[in-house]
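A.B. asks: Got a predicted structure plus its sequence, pasted below:
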Amino acid sequence: MAKARKKGKVSYGDNLYEIHGSYWLKFTYKGKTYYERIGKVDEMPLTMARNIAIKIKQEIIQGTYLPVKEKGLTFREVAQEYLKWYETHHHNTKESTKRKHKHVVQKLVEVFGSLPASNITTLRIESYKQERLKEGVSPKTINNELSTLRAILRKAKELGLIHFDLPKINLLKVSNERVRYLLPEEVDRLISNLPDWLKPMVEFALYTGLRAGELTSLKWDMVDFASSSLQLPASLSKNKETARIPLNSRAIEILKEIKEKQEKSGIGHGYVFTNSKGEPYSEGGYRKAFNNALRKSNIVDFRFHDLRHTFASWLAMKGVDLYTIQHLTRHKSTNMVKRYAHLSPEHLREAVKKLEDMPKVIPFPNAKENS
């Protein structure tokens, strides 16, 4: 619908207006006019604002609308207090996890920041969820954002910052059966389109199955060239257990090439995968470059974490048994590795062939006796 300007306003129809950079609902019902500020234009999609306006009008007509007279703290203010609490109570949390969590909080502030915390209703949350799905964001990522939003509001109420009933936040159903892995020709295209600084980390992920956080937090004192392995400390492992990761010859070669370049450049902060200053790659930096390479390579429905799935899938297709794959990927449950079972049919055929040399201990009746 085209915008119709009148007296400094922008009308979107259906009683929805843009005034001074914010969406407003102006609705008259039974002689009474209601005004409700919905959110900032540059922080909220029009479809979300329209859905919220429709819901408020329905509540007014049904007589269930309760305008908030005392707006209280904005979500941005609540989120800032939450981050202060988070920083003082998560000393033992690994830095990559804290950086990722703070990034999610910032994403939520970009959307809900200017709103009074009391105005973050189930309706607004559902609209946000649908918008993220339309953007192509994975359900797992959306659930992480929703869980973070829930944690912020719960902690704010616990700290006495807010006093209203918390909105119901329903997470999306996520299936763990998804397996997306790269074919050899896709790997060639991807590597060729990656920036030179990111190629070693991506290739190393394909040969080791390490998680993104483990890669960016990897230090040289965890590398044992003598035994061709990595020693991951419990603080770095998702399972909170120490783990020894075997390395093949190509993985070792990658590490030696990186170490040689760092020594020539005088980089000495101790991290394996770093920028020119010796600092570990930021999540936003390497993911943006990785996603750009995916687009250039015409590779769809693929995430950085799927490099780990590629590692496990290649093992399965090479005939490695699921127990060994579970050990190498450090999954606690066999359910997580069963998804790779269908990728090794040739291995299963080879397994049953091993019985062909067994003595024939079962006498088979001849055909005449059965006729």
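C.D. replies: Great, that's in hand.

A.B. asks: any idea whether Y35 is helix, strand or coil?
C.D. replies: Put simply, Y35 is strand when judged by DSSP: H, G, I helix; E, B strand; the rest coil.

A.B. asks: Compute the distance between it and A53, please.
C.D. replies: 12 Å (Cβ to Cβ, to the nearest Å). Using the backbone N, CA and C atoms, a C-beta is placed for each residue, glycine as well.

A.B. asks: same check, this time on T208
C.D. replies: 51 Å.

A.B. asks: can you check S147 too?
C.D. replies: Distance of S147 to A53, given as Cβ to Cβ: 28 Å.

A.B. asks: okay, those two: which has more neighbours?
C.D. replies: The neighbour comparison of S147 against A53 (other Cβ atoms under 10 Å) goes to A53, with 22 against 13.

A.B. asks: which residues are contacting the host helix or strand of A289?
C.D. replies: Assigned by DSSP states H and E, A289 belongs to helix 283-296. Outside helix 283-296, the residues within contact range by Cβ atoms under 8 Å, 6 or more residues apart in numbering are 96, 99-100, 103, 190, 193-195, 198, 201-202, 212, 216, 275, 300, 302, 304.

A.B. asks: One more: stretch 73-86?
C.D. replies: Residues contacting stretch 73-86 (Cβ under 8 Å, 6+ apart): 98, 101-102, 105, 108-109, 112-117, 120, 151-153, 155-156, 159, 161-162.

A.B. asks: Okay, buried residues for it please.
C.D. replies: By neighbour count with 16 or more other Cβ atoms under 10 Å, stretch 73-86 contains the buried residues L73, T74, F75, E77, V78, A79, Y82, L83, Y86.

A.B. asks: do stretch 102-110 as well
C.D. replies: So for stretch 102-110, counting by 16+ other Cβ under 10 Å, buried means V104, V105, K107, L108, V109.

A.B. asks: ok, of the residues you listed, which one's closest to L355?
C.D. replies: Minimum distance to L355 across those is 52.6 Å, recorded for V104 (Cβ to Cβ).

A.B. asks: so that closest one sits right up against N144, yeah?
C.D. replies: Yes. Using Cβ atoms under 8 Å, V104 is in contact with N144, at 6.2 Å.

A.B. asks: Quick check: end-to-end length of stretch 332-342?
C.D. replies: This stretch, stretch 332-342, spans 20 Å end to end (Cα to Cα, to the nearest Å).

A.B. asks: what about the helices in the protein?
C.D. replies: Assigned by DSSP state H, the chain shows helices spanning 46-62, 75-89, 95-112, 122-134, 139-158, 184-193, 199-208, 212-216, 249-265, 283-296, 306-317, 322-329, 345-353, 367-370.

A.B. asks: got the CA positions of the longest one in PDB?
C.D. replies: I take that to be helix 139-158. Extracted C-alpha coordinates of helix 139-158, given in PDB (Å, rounded to 0.1, in the frame of the first residue of the first chain):
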ATOM      1  CA  PRO A 139      14.800 -22.600  14.000                       C
ATOM      2  CA  LYS A 140      17.700 -23.400  16.300                       C
ATOM      3  CA  THR A 141      19.100 -19.900  16.100                       C
ATOM      4  CA  ILE A 142      15.600 -18.400  16.600                       C
ATOM      5  CA  ASN A 143      15.100 -20.600  19.700                       C
ATOM      6  CA  ASN A 144      18.500 -19.400  21.100                       C
ATOM      7  CA  GLU A 145      17.300 -15.800  20.700                       C
ATOM      8  CA  LEU A 146      13.900 -16.600  22.300                       C
ATOM      9  CA  SER A 147      15.600 -18.400  25.200                       C
ATOM     10  CA  THR A 148      17.900 -15.400  25.700                       C
ATOM     11  CA  LEU A 149      14.900 -13.100  25.700                       C
ATOM     12  CA  ARG A 150      13.200 -15.300  28.300                       C
ATOM     13  CA  ALA A 151      16.300 -15.300  30.400                       C
ATOM     14  CA  ILE A 152      16.600 -11.500  30.300                       C
ATOM     15  CA  LEU A 153      13.000 -11.000  31.400                       C
ATOM     16  CA  ARG A 154      13.100 -13.600  34.100                       C
ATOM     17  CA  LYS A 155      16.300 -12.100  35.600                       C
ATOM     18  CA  ALA A 156      14.800  -8.600  35.400                       C
ATOM     19  CA  LYS A 157      11.800  -9.700  37.400                       C
ATOM     20  CA  GLU A 158      14.000 -11.600  39.900                       C
END
